[in-house]
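Engineer: with the input below, show me the fold.
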Amino acid sequence: MIFRISLLAAVVASLAFTPMVNYKHVEPPRVSPTMVEAAPDTLASTSSFYSFRHDLRKCASPRCGGFFVKLVNQTRTRCADKRLQPECYVANIDWGGQPEPDNDRDLLRGTMRKQGEFGLLRVTEIWKAASDNKPAGMFFRVRDRGIRCIAAPCPTHREAQLNSAVSRNIAGIDLSGAGAADNVLSEANAAMTATDGLLVSGNHSPVSGPAGRSQMLKATQFYVRVGKSTGSTGGVGQKPCKKTGCSGQVCSDQEVMTTCEYRTEYECYKKAACERQANGDCGFTQTPELVACLKGK
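Structural biologist: Now for the predicted structure:
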C-alpha cells in the first residue's frame, strides 16, 4: 500500500515539473474570395430551353408538318393548351428573323403560346450543335470562372442546369467527347469566358487530388449561340485575332483563360494561322499542313 502511494506521488511530481510542450499556433485556412461558392444562377437565366424535331407525319397542315418540342432536362413540358405532355406539337415556329437551322440537333430558347387551334414557339435564341453527335446526359450552361489553382481539383468552371435552379462550381470540363472540329473547340473555349457561356450536354466524372474531391463535366455535345460572336465586335473596328490560352491553343480576339494541361496537338497550333474566319469569328485556319499535323498527333 505504501509502495503504491509512493509511486503515485512520484508520477504527480514528474508531471508537475515536466516542461510544457510548445505547440505551434495554426491559423485556420484562409479562403480566397474567388473560391467562395457563388450565388445560385436564377431560373430566369436557365429556363425555356427546348429541343425540337420536325413532324414527318403525312396529313394536312397545320394538323401535321409542324414541330415537336420539349424542355430539356424535363420529363414533361407544358404545352400551349396548358397540358403537361412528354413533348408538344406546334404547328409553326417563329424564328424571330434568325435563319432556321438545317437540322434537328440545335437547341432553341423561346416561349410557347397558342395560335388558333395549335401552338406556336417564338424563338429568342438558337444554339448550334458542335457536331453530329447525339447528346447524352443532362444539359447545362457552363462558364469559365477565370480561376486557376496550384493544387487540383480546382473549381475552374460553373455549371447551371437548364430549366432548373440547380447550379454549382465544377473542376473543369472535357469537350473532347463532343467530336467537334478544332476551330469549333477554340470558339467554345472563348464562349465560356463570355456572358452567355456555352451550353453543354454531358455526364459528371469524379476527380480527386491534393485539394480534395470534386466533379468534372464530360461533354457528349455542346452548343454555341448563333449570331452571338464570342469575341468579335462586328463590322469595322474588329479587334485582331490572337493566340491565347495557357498553351496558345485558343484563337480569339480577347484574352482567354484555360486549364494548363498539355497535349501534343498544341504543337500544331504554334505555326497555324490564327485569323478571322468566314463566319466572322476568330479561329485557326484549317490548312492542309495543320490538318496533317493534327492527324499525326
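Engineer: measure stretch 152-160 end to end?
Structural biologist: 22 Å (Cα to Cα, to the nearest Å).
Engineer: so where's the chain shaky on pLDDT?
Structural biologist: For the chain, the stretches flagged by pLDDT under 70 are 1-41, 228-239, 256-259, 278-280, 297.
Engineer: in whichever strand or helix holds V291, what's buried?
Structural biologist: When secondary structure is defined by DSSP states H and E, V291 falls within helix 288-296. By neighbour count with 16 or more other Cβ atoms under 10 Å, helix 288-296 contains the buried residues L290, C293, L294. All C-beta spots, glycine's among them, are computed from the backbone N, C-alpha and C.
Engineer: restricting to C-alpha, output that helix in PDB.
Structural biologist: The C-alpha trace of helix 288-296 is given here as PDB (Å, rounded to 0.1, in the frame of the first residue of the first chain):
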ATOM      1  CA  PRO A 288      -3.500  21.100 -95.200                       C
ATOM      2  CA  GLU A 289      -0.400  21.500 -93.000                       C
ATOM      3  CA  LEU A 290      -2.500  22.000 -89.900                       C
ATOM      4  CA  VAL A 291      -4.900  19.100 -90.700                       C
ATOM      5  CA  ALA A 292      -2.000  16.800 -91.400                       C
ATOM      6  CA  CYS A 293      -0.200  17.800 -88.200                       C
ATOM      7  CA  LEU A 294      -3.300  17.200 -86.100                       C
ATOM      8  CA  LYS A 295      -3.900  13.800 -87.600                       C
ATOM      9  CA  GLY A 296      -0.300  12.800 -86.800                       C
END
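Engineer: chain center to it: distance?
Structural biologist: Taking Cα atoms, centre = their mean, to the nearest Å, one finds helix 288-296 lying 28 Å from the centre of the chain it belongs to.
Engineer: run through who's touching it.
Structural biologist: D182, E265, E267, C268, Y269, K271, A272, F284 (Cβ atoms under 8 Å, 6 or more residues apart in numbering).
Engineer: now do the helices in this protein.
Structural biologist: Shown for the chain, the helices assigned by DSSP state H span residues 2-17, 43-46, 182-191, 288-296.
Engineer: now the second one: buried residues?
Structural biologist: Translated: helix 43-46. T46.
Engineer: can I get it in CSV, CA atoms only?
Structural biologist: Output of helix 43-46 as CSV, limited to C-alpha atoms (Å, rounded to 0.1, in the frame of the first residue of the first chain):
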residue,chain,number,x,y,z
LEU,A,43,-34.2,30.3,-63.1
ALA,A,44,-34.7,33.2,-65.4
SER,A,45,-31.2,32.6,-66.8
THR,A,46,-31.7,28.9,-67.4
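Engineer: so which other helices or strands are in contact with that helix?
Structural biologist: strand 157-161 (3 or more Cβ pairs under 8 Å, 6 or more residues apart in numbering; DSSP states H and E).
Engineer: what lines up beside the strand it packs on in the sheet?
Structural biologist: Note on strand 157-161: by DSSP bridges, its sheet partners are strand 138-144 (antiparallel), strand 167-170 (antiparallel).
Engineer: mind checking the ones you listed for the one nearest to G248?
Structural biologist: G248 lies closest, by Cβ to Cβ, to one member of the strands paired with strand 157-161: strand 138-144, at 16.8 Å.
Engineer: ok, now how distant is the nearest residue to E275 once chain neighbours are set aside from A130?
Structural biologist: Counting by Cβ to Cβ, 6 or more residues apart in numbering, E275 lies nearest to C241, which is 5.3 Å off, once chain neighbours are set aside. Computed as Cβ to Cβ, to the nearest Å, the C241 to A130 distance reads 20 Å.
Engineer: higher neighbour count, these two?
Structural biologist: A130 (24 against 21; other Cβ atoms under 10 Å).
Engineer: which non-adjacent residue is nearest that one?
Structural biologist: A180 (3.8 Å).
Engineer: same question, T287
Structural biologist: T287 sits nearest to A273 (Cβ to Cβ, 6+ apart), 6.9 Å away.
Engineer: that neighbour: what's it in contact with?
Structural biologist: Taking Cβ under 8 Å, 6+ apart as the test, what A273 contacts is F284, T285, T287.
Engineer: what do you get for Q221?
Structural biologist: Q221 neighbours (Cβ under 8 Å, 6+ apart): R105, A129, A130, S131, N133, K134, P135, A136, A178, V200, S201, G202.
Engineer: give me the buried subset of these.
Structural biologist: R105, A129, A130, N133, P135, A178, V200, S201, G202.
Engineer: which of the residues you listed fall in strands?
Structural biologist: A129, V200, S201, G202 (DSSP state E).
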